[in-house]
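Q: just the structure for this:
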Amino acid sequence: MRSMIVVVCGVMLAACADTTANDATEAPAAEEKVVETPKTGTLQPGNQVEAKADLAGPANVSACLIQDGEQLRITPVRAIGTEPFWNAQVEGRCVTYSTPENQKGARIWTRFNPGPDGGVWVGSFEGKPFKLITRLRQGCSDGMSDRSYPLDALLTVRGEERTGCAEPARLESGSARP
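A: Residues are numbered from 1 along each chain as shown. From the prediction side, this is the model:
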C-alpha cells in the first residue's frame, strides 16, 4: 500500500512539474509575484535610468518594475511608428507591442538597459529577437501629423527594423506606478 501511495505521489509531482521553456511573453517565475520595495521620486520625461531603491518606505511594485532583484526607476514610454503601423507601451521592462492586426497587443518581457539619453529593451517575440531603442531627439515626427515627440524610436521585430517616435506615457488606472 505504501509503495502504491509513493508511486501515485511521484506521478502527481511529475505531472505538476514545468518542463517547458520560459517564453518571453511570460514573466519569469521568480519575478511573477508582487514584492515590497521602497519608493522614491519620479523621473523627468526622457530621463530613463535604472536606479537602486532607497529606504524611504515600502510599496507594492509590479513585476514589470523588478529586474535583477532591484526596482527599476524609469519613466513609462509610448512609442509609435507608421508604415507599417505599430505601437509599444513600455512600463519598466514590460513592453506591450501592438499592430492594427493585433490591437490588444502582446506583452513582451524584456531586459532594460539604460542609455545616456534613452533606453534599450531587449527580448524575444514569436521566437525572434525583439529590441526597442529610444533616444532623446526633440522634434521627432511621426510623418503623418504635425505632432512633435521628444524621443525617436527604433524597433527590431521579426527581423525587420522599424522607425518611429516616442514620448513619456501616462499609466492607466490600476497599473503600477514607478
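
Q: for the helix or strand hosting residue 121, give the mean pLDDT please.
A: In the assignment (DSSP states H and E), residue 121 maps to strand 118-125. Strand 118-125 carries an average pLDDT of 96.

Q: all helices of the protein, in order?
A: Remark: helices assigned in the chain by DSSP state H are 2-16.

Q: that older thread, partner strands of the strand holding residue 121, parallel or antiparallel?
A: Strand 118-125 sits in its sheet next to strand 111-115 (antiparallel), strand 128-141 (antiparallel), going by DSSP bridges.

Q: so which helix or strand of the protein has the lowest pLDDT on average?
A: Every helix and strand in the chain was compared by mean pLDDT, DSSP states H and E; the lowest is strand 35-38, with a mean of 33.

Q: give me the low-pLDDT residue ranges for this structure?
A: 1-59, 171-178 (pLDDT under 70).

Q: what about 90?
A: 1-61, 83, 115-117, 137-139, 142-147, 159, 169-178 (pLDDT under 90).

Q: can you tell me the closest non-neighbouring residue to residue 65?
A: residue 92 (4.0 Å; C-beta to C-beta, 6 or more residues apart in numbering). Just so you know, the C-beta spots here come from the backbone N, C-alpha and C atoms, and that holds for glycine as well.

Q: right, and that neighbour touches residue 70 too?
A: No: here residue 92 lies out of contact with residue 70, judged by C-beta atoms under 8 Å, at a distance of 11.1 Å.

Q: for these two, indicate the residue with more neighbours.
A: Taking neighbours as other C-beta atoms under 10 Å, residue 92 and residue 70 compare with residue 92 leading, 24 against 13.
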